[in-house]
Structures are given as C-alpha cells and as structure tokens.
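Student: below is the structure, and that's it, no one-letter string:
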C-alpha cells in the first residue's frame, strides 16, 4: 500500500484561532508570573520601562503600555502603583525607572518561560513562522486602524 501526502489545504486561520493562541500563551505566562506575585499588566509595564531607550515619564510609559495592551489608563496607572509598592519601579525625579529587583523579576520570568516557549514554537518550519509573522503584522496594523477609527 502506498501513501501520498494529502493535497487537502489546511483550514484558513480565523480571528478565533488567533484569540485562542493568544490566550493559551498568555495563560502560560500568567501562571509563571503568579509564582512571582506579578500580573500580566505589571509585566508589560515593567518590560516597557526596562526596554526603553530613555527614561520615561509616567505619561510616556502609560502611552507605551497602552499601545501594547489597549487597556484603560486607570488600570495601567494602578499597575504602575503596584510596581512602585513592590519596589520594582521607582520614581526618579519626573521619570519612572525599573529597579534591579524589577530587572531580576523579568530575567527570572524569561528564564522560566524559555523552555516552555521552545517546546511551543519548536519544530514549526521557518517558512510557516515567516508567513505567520507577516499575517500577524497585517492583522495588528488593520486592527489598530479600526480601533483608532472607533475611538476618534
């Protein structure tokens, strides 16, 4: 008996598929963050502070986080307050900056999630990842434009 590769095309990805993938990956990250007493919004805010090329004012940092999370500014400011209370983010004049403890938290989370990410992403052909990257960039661009139109 001879077998041949299926010529049936894979089903097209949908918005639901994208959402399910996002929430599955986020669930993994939130599980790891919880072990460190951190939340997803706190991690996004702290990462924005750590990866910034220049010191950020609270408003600058708020804009960066809001661009990522599309969240209510009050919730983002609450995350800043929580990070300051935990001494992971500190006021330095008019700027907010991450502390060594904040940087260490991000490094610990990255170290814990790295092997998980390797298992999740491992074995996916490079050309598939490239195609997915192009599609996700286009979806992000279009969704951001739609959100801007809705909030204008």
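Tutor: That came in fine, so what should we check first? The structure displayed is predicted, hence computed values, not measured ones. Numbering: from 1, shown residues only.
Student: where do the strands sit along this structure?
Tutor: 89-92, 95-98 (DSSP state E).
Student: name the helices or strands packed onto the last one?
Tutor: If contacts are counted by 3 or more C-beta pairs under 8 Å, 6 or more residues apart in numbering; DSSP states H and E, strand 95-98 sits against helix 40-51, strand 89-92. The way it works is simple: take the backbone N, C-alpha and C, and place the C-beta from them, glycine included.
Student: can you list the strands that the last one pairs with?
Tutor: Read that as strand 89-92. strand 95-98 (antiparallel) (DSSP bridges).
Student: report the central residue of this protein.
Tutor: What sits nearest the mean C-alpha location of the chain, by C-alpha atoms, centre = their mean, is residue 44, with 6.3 Å.
Student: between the helices and strands packed on strand 95-98, which gets nearest to residue 116?
Tutor: Judged by C-beta to C-beta, the one of the helices and strands packed on strand 95-98 that comes nearest to residue 116 is helix 40-51, at 15.0 Å.
Student: figure out which of the strands of the chain is closest to residue 61.
Tutor: Ranking the strands of the chain by proximity to residue 61 (C-beta to C-beta) places strand 95-98 first, at 5.5 Å.
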